[in-house]
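J.: coordinates only, sequence not included:
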Ligand code: ARG
């Protein structure tokens, strides 16, 4: 029907032929941006009230808009709103339905406004709410980690560097490392929300509007901390979307690192933990398998969120001021980022709580690999040997013990003294896993007593 002039489009006046069917679908966003519907209604009502306060529309028009919007809202809530690609996006769908319900008042709503400042406002309103929800989920994951940490403040495992046994640590301490990472993620989301919380509305298409609008009052009504200063920037800026996706990407990277550890720890080679069955699946061919699907998928989905970050950066990099339709492409990556991170955090909060630790396996692994060698060197330093000499002496002792197939702690004292004459009877406690961990007794250290204090501090911070 390309030769029939369109009649019912919001912008059809200047067009002499209907838009191509595929182009219509290509340019429409309603299938995904209808997620912004409630933010759109909230923004429109605040705009309409301001227009009435400023005498730009009449009180009767405002009353009609308010009652019509209430109807639109309940139709959407009930699921019987007739969304149509003919009306392109969420904004035009809602405006059209409003106008069908209340007539001319509906047509006055768009006075002094453009979809450009409207959509920028909607996304900020929507994301603000989602950030608050995601922050709550990050906290839930942290609380689960803290519970596991508390139960395992004194559970000893090998700490790794280069994935080689390095020094004994407590499992509680290891869990607390992730509490820190998620704390920074929380902080980044909060920072991003603060910078995002400014009102674009009033910028209209790009240059502002000739009506006597009052942007500050709209900002206050919508809970923004102020207005965007520059209209050109306000309609074109998507920094907040990039910042948000960046914060979410880093949170996913942390989840992915945790996932990788859970997968390793669950493998029979390590056998450090088991996860509850509800987070695992079996194999259709190998009856014995219990696979850590959830952490594996979380690790995989991290790539998809990182992809959205790169996508949004790339979306913006060539855009001239001000608004360009390119920006419509911001929504799907944003929504998918929200869904992916939100679902992942929700599942992890539960799954982390289901971790069953196998302390005897952790202990056995910590006893392999001379994990208390540093403790022996430190012992010698405290007896007066320079650290470099102590390091060398212990290296030779380790080589000797390795040749004998025994641990440092099990070498007879006389043999140890051949390498380190300063060794005395008190060495025994130093070379045990408990002695090693308990000696790292300072803020940030792995000693069980420190872990307990760190848990208390984290709980205060999170509350
Ligand atoms: N659906 C559009 C978007 O998401 C709304 C703004 C369209 N503005 C315009 N002048 N075509 O960006």
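T.: Okay, I see it. Computed from a predicted model, the values in this text were never measured in an experiment.
J.: how about the nearest residue to residue 387, chain neighbours excluded?
T.: Sequence neighbours aside, residue 381 is the residue nearest to residue 387 in space, at 5.1 Å (criterion: C-beta to C-beta, 6 or more residues apart in numbering). To be clear about C-beta, it is placed using only N, CA and C from the backbone, and glycine gets the same treatment.
J.: Could you say which helix or strand holds the one you found?
T.: helix 373-382 (DSSP states H and E).
J.: Report the angle between the following helix or strand past that helix and helix 373-382.
T.: Sequence order places helix 387-404 as the next helix or strand after helix 373-382, per DSSP H and E. Angle, helix 387-404 to helix 373-382, by axes from the mean of the first three to the mean of the last three C-alpha atoms, to 10 degrees: 140 degrees.
J.: just checking, next helix/strand downstream of helix 387-404?
T.: Criterion used, DSSP H and E; the element after helix 387-404 is helix 413-419.
J.: gap between that following helix and the chain center?
T.: Distance, stretch centre to chain centre, for helix 413-419: 53 Å (C-alpha atoms, centre = their mean, to the nearest Å).
J.: for the record, mean pLDDT for that helix?
T.: The predicted model gives helix 413-419 an average pLDDT of 95.
J.: Tell me the buried residues in that helix?
T.: Buried residues in helix 413-419, counting neighbours by 16 or more other C-beta atoms under 10 Å, are found at 416, 419.
J.: Ok, stretch 428-437 next?
T.: 430-433, 435-437.
J.: Could you do stretch 203-222 as well?
T.: For stretch 203-222, by 16+ other C-beta under 10 Å, it's 203-204, 206, 208-209, 211, 213, 215, 218-219, 221-222.
J.: Helices - which of the buried residues of stretch 428-437 land there?
T.: Among the buried residues of stretch 428-437, the members falling in helices (DSSP state H) are 430, 433, 435-437.
J.: before we move on, back to that, the residue nearest to residue 387 and the ligand, how far apart?
T.: 64 Å (C-beta to the nearest ligand atom, to the nearest Å).
J.: what about the strands in this structure?
T.: Listed in chain order, the strands found in the chain under DSSP state E are 156-161, 164-170, 198-199, 226-227, 273-274, 356-357.
J.: quick one: strands adjacent to the fifth one?
T.: Same thing as strand 273-274. Strand pairing for strand 273-274, determined by DSSP bridges: strand 356-357 (antiparallel).
J.: Then the second one?
T.: Strands flanking strand 164-170 in the sheet, each with its direction: strand 156-161 (antiparallel) (DSSP bridges).
J.: likewise the fourth one?
T.: Strands adjacent to strand 226-227 in the sheet, as given by DSSP bridges, are strand 198-199 (parallel).
J.: now what about the strand it pairs with, what contacts it?
T.: 121, 124, 215, 218-219, 222, 224-228 (C-beta atoms under 8 Å, 6 or more residues apart in numbering).
J.: Report the mean per-residue pLDDT for that strand.
T.: Mean predicted confidence for strand 198-199 is 98.
J.: What distance do you get for residue 251 to residue 303?
T.: 14 Å (C-beta to C-beta, to the nearest Å).
J.: the more surrounded of those two?
T.: With neighbours defined as other C-beta atoms under 10 Å, residue 251 and residue 303 compare such that residue 251 has more, 27 against 10.
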